[in-house]
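*Asks:* okay, predicted coordinates and the sequence, questions at the end:
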Amino acid sequence: MKLSIRRVVPGGAHHAGARTRGTDVAPRRRALAATTIVALAAGVLTFGALRPADAATLGAGSYATTRPAGGAAPTACGNIATNPRQFVTGNAPGGAVPTNDWWSSLLFKRYDCAYSEPLHAHPMSFDPVAGGLGVSYTTEAAISGSATGVGEYHFPYSTEFTLGVAGLNSPDVKVDGWSDWTVTPAWSDGTRTLKTTIGHGLPFLYAQVTGGNAELRFGGTPTVWATSGTRIGFSVRGHDYVGYAPTGATWTVAGTTISSTLAGRGYFSVALLPTTATTPAAERTALMDSYGQYAHAHVTGTRVSWSYNQSASVVNATYAVTTTRREGSANGTVISLYPHQWKSLSAATPIAQTYVSPRGPMKSLVGAAAFTTAIRYNGVLPEVPAVATGSGADLATLGGYLDQVATGDPLAGFGNDTYWTGKALGRAARLAEIADQLGRTAQRDLLLGAIRNRLTDWFTASAGKTERLFAYDQAWGTLVGYPASYGSDTDLNDHHFHYGYYIAAAATLAKFDPAWAATSRYGGMVNLLIRDANSYDRADTMFPFLRDFDIFAGHDWASGHGAFGAGNNQESSSEGMNFANALIQWGLATGNTAIRDAGLYIYTTQAQAIQEYWFDSADTNFPAAFGHSTVGMVWGDGGAYATWFSGEPEMIQGINMLPITGGSLYLGHRPGYVTTNWNELVRNNGGQPTVWQDVLWSFQALGNGDGALASFRANPGYAVEEGESRAHTFHWIRNLAALGQVDTGVTANTPLYGVFSKGGARTYVASNITANPITVTFSTGTTLTVPAGRTATTGALTWSGGSASGGGGGGTPTASPTAGPTTGPTPGPTQPPLRSNQLHLRTGGVLADTAGAGATTVTVPSAGGGNHDGTPHNPVTFTGCGITGGYGSGASAFALHVDAGTAVGAGVQARISYDLTGSGSYSRVETYRYFATDPVAGTESYTQGAGLLSSSGALAGMTNGCVRLEVWNAIGNAPTTVRVDATAADGRQSIVTVPFTVTG
C-alpha cells in the first residue's frame, strides 16, 4: 500500500492527512482516528512465520500470542513501545487498561513520558502539569472555516486556575484508578502527593493531598465573592467556583493563591456553579449552599447497567454513582447530564440549571446517586425487505446487478488489511441477504462461501502463516489484526470500525451455517473480536470493559490514545453503529443474549448521541455561528465539518452514513432532518453529489425514497463506493421508495423489525432467523406470522422465485403474510376512548370527540400536476381510536372546509377507513369523489355529497376501533388547506360523522 500520512500539531491544531494515490491504491484511503505520523511501507506487508507455540486455540480457530515479525506494537511515551502499567499506580484496577477514552492520553503519554494532553470531561476540562491539575470552563466557541466549506468549532482548554499542593513539582502524573466515566490522576514528588477524581458530568473536582497545604493558583489576583469559614467563592473569566474545605479549616487569600491547611484532614473539593453574568448574588449563594451539601461526598465509583424490555421495545440504562463520605451524611452528588441523557430520562425528574458544553446544554440532578434512561428501540433488519410495487423490469434490473457481483471471488480487489478486508466482507454479506430474498440460492451460497473462507483464514493462526491473523497483546490487553491499518496496531485506533464488518458478516453466515458459528468452531473467535472492541463482561481479564464506547458520552471514540489538544475524536459514527448492529445480529443468530443486549444498549444510546452531536437534528447544540447542520467529526472539545481524508462535502457527510445496512434505519428516525442534511450537502457541494452518490442516495431514501430513486435512474453509471454495490444500492432505494419513511411511532416485541409509512399506510416488517415460525405483535395490535428463516411484511408484495442458478434475473412477486386488506396509522393504546360519533379534525393528525381551541389550517400538498384520483398521494391523515359502539345502518358523513386560495384546477379528495377492533387492519375503506375547488380565496365545504367513488369491506360493530381520514389533492399544481381546530364560536368546523351508536 502507498504512503499514508496523518499529522497533528501538538497543542490541538489538526489537519486532514495527505493522501497519495496510485493504481494499486483504493480510490479512498481512510484514517478515522489520527496519529502523529504513520508511514506504512510501500508494497505488501509480510510477516515472519509463527511457531506452533505462538498460537492459542479457541474452538476450531486460533490467534497468535506473539506479534508477527514486522508487526508494529502499541506505542506510547514519545512513540516508544511500552507497557502501559508503568503509568499506573498500585491502586489501579488489575486486568487490561482502558484505551480509546476521553482520558486515554494519561496512559499513552503520546508526546512525552510525563503528563497528558487536555482532558475534556464536561462541563470542565483539565490539564495535568507538574504542579497539579489545571482547570478550565470555556463557554465561548472558537469557530473557524466557513458555513459552506470545511469548518469547525471548539471550546478550547484555557487554564483558569491550577489545583495543587504547595511546592508540588511532580516529574509525572500516573493513573491511580478509574471507573466507567471517571479517572483519578495522581502526582508525587517524593514529599508531596495529590490525587484528584474527575469525570464526565461532574461539576465537582475532588482532591486528596499530603505533604503541604492545598492550593488554588491563578494567573492573576482572583476575584473572591464569598468567604464563609470552610467555603470560598471565587470567579475567573466570569465563571463562579466554590472551594469546600473540611470542618475546622479555613481558606487564605494571598496574592494569586488561595490556600488551606485543610485542618490536617487532607481532602477538599471544588465545584463549578451553573451561573452566568446575570445570575443574582442571592441565587449564587443559594447554589453554593445547595452544592455544599454534597461537597464531601466524594465520587469514588461510577457504573452503568442496562436491560432490554422486549415486550415494550425499550432499552433501560441506569447510571449509578458511588460516593464516599469524608464527612457529613450526604450520599448523593450533583450529576450533569448531556442532552441525549436528559431528553431520555425514564421518569419526570427535577432538572436544575444548565452548563455550557461542546455537546450543548448539560442539565443537573442535584443530590442524585443514579439516573435511568429509557430509549425506545425501533428495530433493525438483516436487510430491507424486497417489496415490489413497480413493474417486473425492476426485478430484472436488480437480478442483473446481482449477476455482476455475485460471481467469481466477490472479495477480490480489496486490500488485505483489517479495514479493507472488513469492507469486502460487509459488501458480500449485504449481497448474500439480497440473493436469499430473491431465491437465488446459488449466488447466495457463493457469497456465503467466500465469507466463510475468508473469516476462517483470518481466524486461524497456524504455524508458518505470514498474514491474515489476529495477535493478542497481553501488555495492552488487545487483539490486533495483521496487516493492520490506520493505526489499529500502534495507536489501537478503530477496532470497532474494522471488526464490526467481520462480526456483521459472521452474523449473516451464522444464519445459514450455524455449525460454523458454534463456539466450538469459529464462534469463539467472533466473540473474541467483540470482546476486544467492546467487552460487555466486567469479569473479562483479557480486555477492558467497553473499550471503544464512552459510556457517559453515549458514543464511541476512535483514537486509542486520544492525545490531542482537542481531546479524543470520532469521525464515522455510522461505522460505530455498524458494530452495534452486528452485535445485535450475531447475538440473535447464536442465541447469546448478553451480546445481543450489549449491542442494543450501544445501538440505542449512540443513535440518540448521533442525532444530538453529529447531526444536531433539533438545532440546539451546535454554536449558532457555526453555520452547519452536521459535522463529519466530533472532538472532545467541539466538532468539525471535515474528515481526516477529504474536504469534499459528499465524504464529510457520507462518512457518517456508511455502510448502509439493515441497521442503518436509525438514520431515518427523523425524516425531516434527512432533508436538512441533504440540502446542506447540495448547498456546500454547489449541486448534486458527484462522488459517493450511492451512499448519499441511500441516506436520502430514508426521507425521500422517490427522489433518491429518480436520481439513481437518471445516473445508473455512477462510480460505486468501494464498500457498496449497484445491486445493494438499487435494492435499498427501490424498496424504500415503496415502503416510505421509518415510522418510529410503532414498536414490536422482537429485535428484528421495522415499520414504514407512506401515503398514510403502514407496512410492518419482521425477520425471523430461528428454525421455527414466530408471531410478532406490534404496539398497534397488528400481528405478523413470520416463517422460519424469512422476512415478512404486511400490505406489500415480496420479490421471490429468482433463478436458482443466479442467472436471468426472473421471478414474480408473491403476496407476503398480511394482517388485513390495508394498514394505517393508529394512535397508541393509551389514547382515551372516544365517546361521540362526531369527530373533529384537530392538529397533529387527530380525530377527537371535542373541538379545538381555535381555528387554524393544515396544508394538503399539491398533486404536482399528476392525476391521483382514487389513490392517496401525500395525504394529510387524521386518526381517532378507542371507539366502541353498535352499527345498525347508515353511512359515513363529513364536512371538510377546504381552500385552494386563488389556484386554478385543484381537486381535494377524501378516504375514510374503519378498523373495527383496533388491530391495525382497516377492513372497511370508502373513497369519495374529489371536490373541484374554486380559485377564490375562502373556504368551501366538501361533503360526502360529492359521491362515493369506491368502497370495500363492510361495517359492523366497533370494539375499541379506529377511524382514519385521508385528505389529498387528486389533481392540480397547487397545495390546498383544510380548516382544523375550529370552535363552535369560530364556525366552519371540519367534522367526520361515523354511523355508530358510540357507547364509549
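*Replies:* Thanks, I have it. Numbering: from 1, shown residues only.
*Asks:* any low-confidence regions in the chain?
*Replies:* 1-53, 388-391, 795-832, 1000 (pLDDT under 70).
*Asks:* against H122, how distant is the spatially most central residue of it?
*Replies:* For the chain, A607 is the residue whose C-alpha lies nearest the centre (C-alpha atoms, centre = their mean; 2.1 Å). Distance, A607 to H122, using C-beta to C-beta, to the nearest Å: 20 Å. Where C-beta positions appear, they are placed from N, C-alpha and C, glycine not excepted.
*Asks:* for the protein, longest helix please?
*Replies:* Counting by DSSP state H, the longest helix found in the chain is helix 418-437.
*Asks:* give the other helices and strands that that helix contacts.
*Replies:* Helices and strands touching helix 418-437, by 3 or more C-beta pairs under 8 Å, 6 or more residues apart in numbering; DSSP states H and E, are helix 392-405, helix 441-458, helix 495-512, helix 726-739, strand 797-800.
*Asks:* same thing but 10 Å
*Replies:* helix 392-405, helix 441-458, strand 478-482, helix 495-512, helix 573-590, helix 726-739, strand 791-793, strand 797-800 (3 or more C-beta pairs under 10 Å, 6 or more residues apart in numbering; DSSP states H and E).
*Asks:* how far off centre is that helix?
*Replies:* Relative to its chain's centre, helix 418-437 lies at 22 Å (C-alpha atoms, centre = their mean, to the nearest Å).
*Asks:* between helix 441-458 and it, find me the angle.
*Replies:* With axes from the mean of the first three to the mean of the last three C-alpha atoms, to 10 degrees as the basis, helix 418-437 and helix 441-458 are set at 160 degrees to each other.
*Asks:* could you pull out the buried residues of helix 418-437?
*Replies:* For helix 418-437, a neighbour-count test (16 or more other C-beta atoms under 10 Å) marks 418-437 as buried.
*Asks:* ok, now stretch 175-195?
*Replies:* 175-189, 192-195.
*Asks:* please apply the same query to stretch 897-915.
*Replies:* Applying 16+ other C-beta under 10 Å to stretch 897-915 flags 897-900, 903, 906-915 as buried.
*Asks:* and what of stretch 63-73?
*Replies:* Buried residues in stretch 63-73 (16+ other C-beta under 10 Å): Y63, A64, T66, R67, P68, G71, A72, A73.
*Asks:* widest-spaced pair of these?
*Replies:* Y63 and A72 (17.2 Å; C-beta to C-beta).
*Asks:* now for the helix or strand encompassing H840, which elements pack on it?
*Replies:* Following DSSP states H and E, one finds H840 within strand 838-842. Strand 838-842 is packed against strand 846-848, strand 856-860, strand 876-886, strand 893-899, strand 958-971, strand 976-980, strand 991-993, with contacts defined by 3+ C-beta pairs under 10 Å, 6+ apart.
*Asks:* convert that strand to CSV, retaining C-alpha atoms only.
*Replies:* Taking C-alpha atoms only, strand 838-842 is exported to CSV below (Å, rounded to 0.1, in the frame of the first residue of the first chain):
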residue,chain,number,x,y,z
GLN,A,838,-69.0,13.2,15.7
LEU,A,839,-65.2,13.6,15.3
HIS,A,840,-63.4,16.9,14.9
LEU,A,841,-60.3,17.4,12.8
ARG,A,842,-57.5,18.5,15.1
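*Asks:* picking that back up, relative to G211, which of the buried residues of stretch 897-915 is nearest.
*Replies:* D915 (75.7 Å).
*Asks:* where does G464 sit, in terms of helix or strand?
*Replies:* Using DSSP H and E, G464 falls within no helix or strand.
*Asks:* I should have written D409 there, sorry.
*Replies:* Judged by DSSP H and E, D409 forms part of no helix or strand.
*Asks:* what sits closest to it if chain neighbours are left out?
*Replies:* Sequence neighbours aside, A450 is the residue nearest to D409 in space, at 6.3 Å (criterion: C-beta to C-beta, 6 or more residues apart in numbering).
*Asks:* so T278: helix, strand or coil?
*Replies:* When classified by DSSP: H, G, I helix; E, B strand; the rest coil, T278 comes out as coil.
*Asks:* can you redo the helices and strands packed on helix 418-437 as TSV with mean neighbour count and distance to K343?
*Replies:* As requested, the helices and strands packed on helix 418-437 are arranged in TSV below (neighbours: other C-beta atoms under 10 Å; distance: least, C-beta to C-beta, whole Å):
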stretch	mean neighbour count	distance to K343
helix 392-405	19	40
helix 441-458	21	39
strand 478-482	25	34
helix 495-512	27	25
helix 573-590	27	18
helix 726-739	25	27
strand 791-793	24	32
strand 797-800	21	37
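*Asks:* for L546, grab the count of nearby residues.
*Replies:* As a burial measure, L546 scores 23 neighbours (other C-beta atoms under 10 Å).
*Asks:* so who does it touch?
*Replies:* Contact partners of L546, counting by C-beta atoms under 10 Å, 6 or more residues apart in numbering, are 98, 100-101, 180, 304, 496, 533-536, 538, 556, 598, 601-602.
*Asks:* three-state assignment of F552?
*Replies:* Assignment for F552 (three-state DSSP): coil.
*Asks:* check contacts around it.
*Replies:* Each residue near F552 by C-beta under 10 Å, 6+ apart is listed here: 102, 121-122, 180-182, 199-202, 302, 304, 319, 335, 337-338, 341.
*Asks:* switch the cut-off to 7 Å
*Replies:* W181, H200, G201, Y319 (C-beta atoms under 7 Å, 6 or more residues apart in numbering).
*Asks:* how far away is it from T373?
*Replies:* Look at F552 and T373: by C-beta to C-beta, they are 11 Å apart.
*Asks:* repeat that for G957.
*Replies:* In terms of C-beta to C-beta, G957 sits 43 Å off from T373.
*Asks:* show me what contacts the spatially closest residue to S862 that is not a sequence neighbour?
*Replies:* Closest residue to S862 apart from its sequence neighbours, by C-beta to C-beta, 6+ apart: P975 at 4.8 Å. The contact partners of P975, taken as C-beta under 7 Å, 6+ apart, are T859, V860, P861, S862.
*Asks:* just the closest of these to T519, please.
*Replies:* P861 (54.0 Å).
*Asks:* nearest spatial neighbour of that closest one, skipping sequence neighbours?
*Replies:* Nearest non-adjacent residue to P861 (C-beta to C-beta, 6+ apart): N874, at 4.2 Å.
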